[in-house]
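S.K.: I'll drop the sequence and a predicted model, then ask my questions.
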Amino acid sequence: MNKELREHRSSFFVFYILRFLVLVVLVRQAFMRNYESMFFCILTILLLYVPSWVQVKLRIELPPALEITILCFIFAAEILGEVNAFYVKIQNWDTMLHTLNGFLAAAVGFSMILLLNDDERLTFDLSPLFLALVAFCFSMTIGVLWEFFEFGMDYFFGSDMQKDTIIHALHTVALDTTRTNKVVTIPNIQDVVINGESLGLGGYLDIGIIDTMKDLFVNFIGAVVFSVTGFFYARSKGEKRTPAQSFVPSKKTEETDYLARAREENRLPSGEETES
């Protein structure tokens, strides 16, 4: 793991800077006795090791651009988003992360097909269009599953992962007294009163559907961006320079397969040589 972390200097530098920042936040939250935030900090530290663990265990090489993006995404989502409440304080923070997630998930789906198909026993080539469609569908599936998770947390545990939206008009058949599926519109909503008390929000409080659809839409945009660039990357057999090239992993070479080298070193004690 240590050799893997140090393989790319840029990734190594970003990893240790982010880990240091997380430790500082962890100590601060400990003094404040904010145990939930402490949990997010510990979780973040573990997640920061995931790219290196994946490279060692699955014997694949992550490009520095992909590894750094994943590390920054983890930090932005957990430490900045959850612990420092950027989801609430900074407008469109959640939108930015969901767009990036759509791009990264498409890259993962695209790479999985390339790596699984990289076998000498296979004699057929996959269509670039097929690779692009798989990357897109994989990304959208991940996005939908995440929204299922957010809904489940809100419904069963009373959280608010599906952030509410203030709207000023309602269009619903629930208020149709004729029961003929007629849409009733309530325009220009300026306030909502519940149990005789005004919410003071300046409009009606939507309960998450707009946030969910917005997240899926920006996930769609991120997926399309990578799928298009991935198509041209696959069509040129990796020779044409596209943004996808910096986000597509490859199989490890013998020199960078640190797990195999470590096993070999443990099998052969220091100073012992094999017979020729």
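M.R.: Cool, the structure landed.
S.K.: isn't Asp191 right up against Leu201?
M.R.: Yes: Asp191 lies in contact with Leu201 (CB atoms under 8 Å); the separation is 7.5 Å. (C-beta placed from N, C-alpha, C; glycine too.)
S.K.: Do a quick rundown of the helices in the stretch 1-150 of the chain.
M.R.: Secondary structure of the stretch 1-150 of the chain by DSSP state H, counting those that start in this stretch: the helices cover 2-7, 9-31, 35-48, 50-58, 64-75, 86-89, 93-117, 128-157.
S.K.: For the ones you listed, which has the smallest mean pLDDT value?
M.R.: Ranked by mean pLDDT, these bottom out at helix 2-7, which scores a mean of 66.
S.K.: any idea how far Gly109 is from the residue nearest the centre of the chain?
M.R.: For the chain, Asn101 is the residue whose C-alpha lies nearest the centre (CA atoms, centre = their mean; 3.9 Å). Counting by CB to CB, to the nearest Å, the gap from Asn101 to Gly109 is 12 Å.
S.K.: about what we covered before: would TSV of the helices of the stretch 1-150 of the chain with distance to His168 be doable?
M.R.: As requested, those are exported to TSV (distance: least, CB to CB, whole Å):
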stretch	distance to His168
helix 2-7	51
helix 9-31	38
helix 35-48	34
helix 50-58	43
helix 64-75	34
helix 86-89	21
helix 93-117	20
helix 128-157	23
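S.K.: Which among these is found nearest to Lys240?
M.R.: Closest of these to Lys240 is helix 128-157, at 11.1 Å (criterion: CB to CB).
S.K.: Return the angle between stretch directions for the closest one and helix 93-117.
M.R.: Interaxial angle of helix 128-157 relative to helix 93-117 (axes from the mean of the first three to the mean of the last three CA atoms, to 10 degrees): 130 degrees.
S.K.: Show me what helix 128-157 packs onto, helices and strands only.
M.R.: Counting contacts by 3 or more CB pairs under 8 Å, 6 or more residues apart in numbering; DSSP states H and E, helix 128-157 packs against helix 93-117, helix 209-235.
S.K.: Identify all contacting residues around whatever helix or strand comes next after the longest one.
M.R.: In other words, helix 209-235. Downstream of helix 209-235, the next assigned helix or strand under DSSP states H and E is strand 250-251. Residues outside strand 250-251 that contact it (CB atoms under 8 Å, 6 or more residues apart in numbering): 59-61, 115, 118.
S.K.: re earlier: looking at the helices of the stretch 1-150 of the chain, which is closest to Lys252?
M.R.: Minimum separation from Lys252 across these (CB to CB) falls at helix 50-58, 7.4 Å.
S.K.: Now do the buried residues in that closest one.
M.R.: Of the residues in helix 50-58, 51-52, 54-56 count as buried by neighbour count, 16 or more other CB atoms under 10 Å.
S.K.: Could you dump those into TSV with distance to Asn195 added?
M.R.: Output for those, formatted as TSV (distance: CB to CB, whole Å):
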residue	distance to Asn195
Pro51	50
Ser52	53
Val54	51
Gln55	56
Val56	57
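S.K.: Could you single out the nearest of those residues to Met96?
M.R.: Taking CB to CB as the measure, Met96 lies nearest Pro51 of those, at 20.5 Å.
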